[in-house]
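Trainee: my questions concern the predicted model and sequence given below.
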Amino acid sequence: MSKSLQAIRGMNDILPEQTPLWRYFEGTVARLLDNYGYKQIRMPIVEFTELFKRSIGEVTDIVEKEMYTFEDRNGDSLTLRPEGTAACVRAVLEHGITGGGQVQKLWYIGPMFRHERPQKGRYRQFHQIGLEVFNLDGPDIDAELITMTWRLWGELDIRDAVKLELNSLGTSESRGRYREALVEYLSAHHDKLDEDSQRRLKTNPLRVLDTKNADTQAVLVDAPKMADYLDDESRAHFEGLKARLDAVGIPYVLNPKLVRGLDYYSKTVFEWVTDKLGAQGTVCAGGRYDGLVEQMGGKPTTGVGFAMGIERLVLMLETLEQIPEEISRQVDVYLCAFGEEAELAGLALAERVRDQLPNLRLQVNAGAGSFKSQFKKADKSGALYALILGDDEMAQQVVGFKPLRGQGEQQSIAWDALAAHLATCVVQG
Ligand code: ATP
Ligand code: MG
């Protein structure tokens, strides 16, 4: 196929054989969020470029080199959203729904766009489920977010494969003091830093902490520690969070080098990481951003949130083979009809059954076909039962009811009794 007719590198089709697992994952998360009292918000995929520059920060990887930015026909600079927090904050401000201290517990789902090097677990269009809470500043809500994700891992049966890393970045004042100390220390060791870190030292020095370069890591061993610069309030907040995680029994490790890529975090930051996916190990990440709303022109409004990468979590379910068997079966019953008269009767019968059993997954054969070919399709559909309408069944006003997965002989069921019979033998979710 010519290149122009292929998908863009790093932007993937999610094929019909993959969507059951996606829908299982998304459905599980959505149900959980509903149950904890969170409400969904939907924002546009495109925003003014300025929004992301202002919120994410000019000297972050995302803004420096990962955004899909283009000019609209009227000359406006627009950007495909690289993450959800900025647009969510923009939306709550624009509609005034966090004003006067109103609490909002929101979540969103959808595609994000970053021009990164595509590889396993890292794509240019990827999908996140994200969550933001406004106007709750205590550690209790930070703990709730983490507890909720912990429950999710439990429901997906992947708890053993993930680890919680935790840090506190303090307030912007204490972070400022720490930044100064760090810059002073690193500047004294400037020659031993890798090139990237030398650059970051000038633009975004905290990012040097999460370098992958071994020489720079060696320099960092004796660097000042963030924990020593925490203000009392942040320290108490962090202790409050840890106490709650302990109370629920959620294990965590403190990672003083966890700073997150974005500028806007303060106090709590956390990541759920796994060693099952190779280099792309972070499946869910977030933290508190008490200064962001004000920085974007709103009244002081605290915020905390996280986002998880759907591709990475789906990949993890596949890798760990944690795929519930029932999700790949999408048909309960397959109706085969032979001859035009039977086809018409079958159609009417199927609709009557659907009226009575709205959750039944009933597929009616399309495209006619011989006895053999329709049975083959019935079997391939994954259905548990085939319904058969041939000349004999038409004459007696019955339908043949044939189990396709093992046990049981074919029986004849009167048309009027079909829905009641199906209700007893097909378990519906
Ligand atoms: P990473 O360090 O892996 O680049 P990040 O810190 O840039 O992640 P966030 O902006 O915090 O990621 O996004 C939250 C989550 O979204 C990540 O933990 C990850 O699961 C997912 N994610 C981020 N970028 C990508 C991508 N390019 N492809 C697939 N998933 C991604
Ligand atoms: Mg990144």
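Mentor: Good, I have the coordinates. What you see is a predicted model; the values in this text were computed from it and never measured. Ligands and ions are numbered 1, 2, ... in the order given.

Trainee: for the rest of this, base every contact and every neighbour count on C-alpha atoms.
Mentor: Fine.

Trainee: that's a helix at E50, yeah?
Mentor: Yes - per DSSP: H, G, I helix; E, B strand; the rest coil, E50 lies within a helix segment.

Trainee: tell me, how many residues neighbour it?
Mentor: 13 (other CA atoms under 10 Å).

Trainee: same question, V304
Mentor: Residues near V304, counting by other CA under 10 Å, number 26.

Trainee: same thing with E321?
Mentor: The local packing of E321 (other CA under 10 Å) involves 10 other residues.

Trainee: make 305 the starting number, not 1.
Mentor: Shifting the count to begin at 305 puts that one at E625.

Trainee: what about it, which SS state?
Mentor: With three-state DSSP as the basis, E625 sits in coil.

Trainee: quick one: it from ligand 1, how far?
Mentor: To ligand 1, E625 is 19 Å away according to CA to the nearest ligand atom, to the nearest Å.

Trainee: closest point of the stretch 305-454 of the chain to ligand 1, which residue?
Mentor: Closest to ligand 1 within the stretch 305-454 of the chain is R426: 3.4 Å, counting by CA to the nearest ligand atom.

Trainee: that residue against Q584, yeah?
Mentor: Yes - applying CA atoms under 8 Å, one finds R426 in contact with Q584, separated by 6.9 Å.

Trainee: any idea of the pLDDT on Q732?
Mentor: The per-residue pLDDT reported for Q732 equals 56.

Trainee: and the helix or strand of the chain with the lowest mean pLDDT, is it in reach of ligand 1?
Mentor: Least confident helix or strand, the chain: helix 365 with a mean of 86, by mean pLDDT, DSSP states H and E. No - judged by CA under 6 Å from any ligand atom, helix 365 and ligand 1 are separated, with a smallest distance of 8.2 Å.

Trainee: show me what from the protein comes close to ligand 1.
Mentor: 418, 425-428, 430, 432, 564-565, 584, 586-589, 611-613, 616.

Trainee: please pick the buried ones from those residues.
Mentor: Among the residues of the chain next to ligand 1, those classed as buried by 16 or more other CA atoms under 10 Å are 418, 425-428, 430, 432, 564-565, 586-589, 611-613, 616.

Trainee: picking that back up, who are the neighbours in contact with the residue of the stretch 305-454 of the chain closest to ligand 1?
Mentor: Residues near R426 by CA atoms under 8 Å, 6 or more residues apart in numbering: 314, 420, 584.

Trainee: tell me how many other residues surround the first one.
Mentor: Around G314 sit 19 other residues, with neighbours defined as other CA under 10 Å.

Trainee: against W326, how distant is it?
Mentor: Distance, G314 to W326, by CA to CA, to the nearest Å: 18 Å.

Trainee: same deal with the second one?
Mentor: Here the criterion is CA to CA. By it, E420 lies 23 Å from W326.

Trainee: the residue nearest to F352 when sequence neighbours are not counted: which element?
Mentor: Distances taken as CA to CA, 6 or more residues apart in numbering place L382 nearest to F352, at 4.5 Å, with adjacent residues excluded. Under the criterion of DSSP states H and E, L382 resides in strand 381-384.

Trainee: can you tell me which of the buried ones among the residues of the chain next to ligand 1 are in helices?
Mentor: Judged by DSSP state H, the subset of these located in helices is R616.

Trainee: show me the helices in the stretch 505-654 of the chain, by range?
Mentor: Counting by DSSP state H, counting those that start in this stretch, the stretch 505-654 of the chain has helices at residues 518-524, 536-552, 596-599, 614-623, 644-660.

Trainee: Serialize these to a markdown table and add fields for mean pLDDT.
Mentor: Converted to a markdown table, the helices of the stretch 505-654 of the chain look like this (pLDDT from 0 to 100):
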| stretch | mean pLDDT |
| --- | --- |
| helix 518-524 | 93 |
| helix 536-552 | 97 |
| helix 596-599 | 92 |
| helix 614-623 | 97 |
| helix 644-660 | 97 |
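
Trainee: how about TSV for those, with distance to H725 added?
Mentor: Shown next, in TSV, are the helices of the stretch 505-654 of the chain (distance: least, CA to CA, whole Å):
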stretch	distance to H725
helix 518-524	67
helix 536-552	46
helix 596-599	58
helix 614-623	36
helix 644-660	10
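
Trainee: so which of these gets nearest W576?
Mentor: The closest of the helices of the stretch 505-654 of the chain to W576 is helix 614-623. By CA to CA, the value is 10.9 Å.

Trainee: buried stuff in the closest one?
Mentor: Result for helix 614-623 [16+ other CA under 10 Å]: buried residues 614-621.

Trainee: coming back round to it: next step: the buried ones among the residues of the chain next to ligand 1 restricted to strands.
Mentor: 430, 432, 586-589, 611-613 (DSSP state E).

Trainee: of those, which pair is most distant in space?
Mentor: Farthest apart among these by CA to CA are F430 and A589. That separation is 14.9 Å.

Trainee: what pLDDT does T364 get?
Mentor: So, for T364, pLDDT stands at 84.

Trainee: over to F574?
Mentor: Looking at F574, the pLDDT reads 97.

Trainee: which non-adjacent residue is nearest it?
Mentor: Nearest one to F574, counting by CA to CA, 6+ apart, is L470 at 4.5 Å.

Trainee: what's the helix or strand for that neighbour?
Mentor: strand 466-472.

Trainee: can you give the strand pairings for that strand, parallel or anti for each?
Mentor: Sheet pairing for strand 466-472, assigned by DSSP bridges, gives strand 557-558 (parallel), strand 570-578 (antiparallel).
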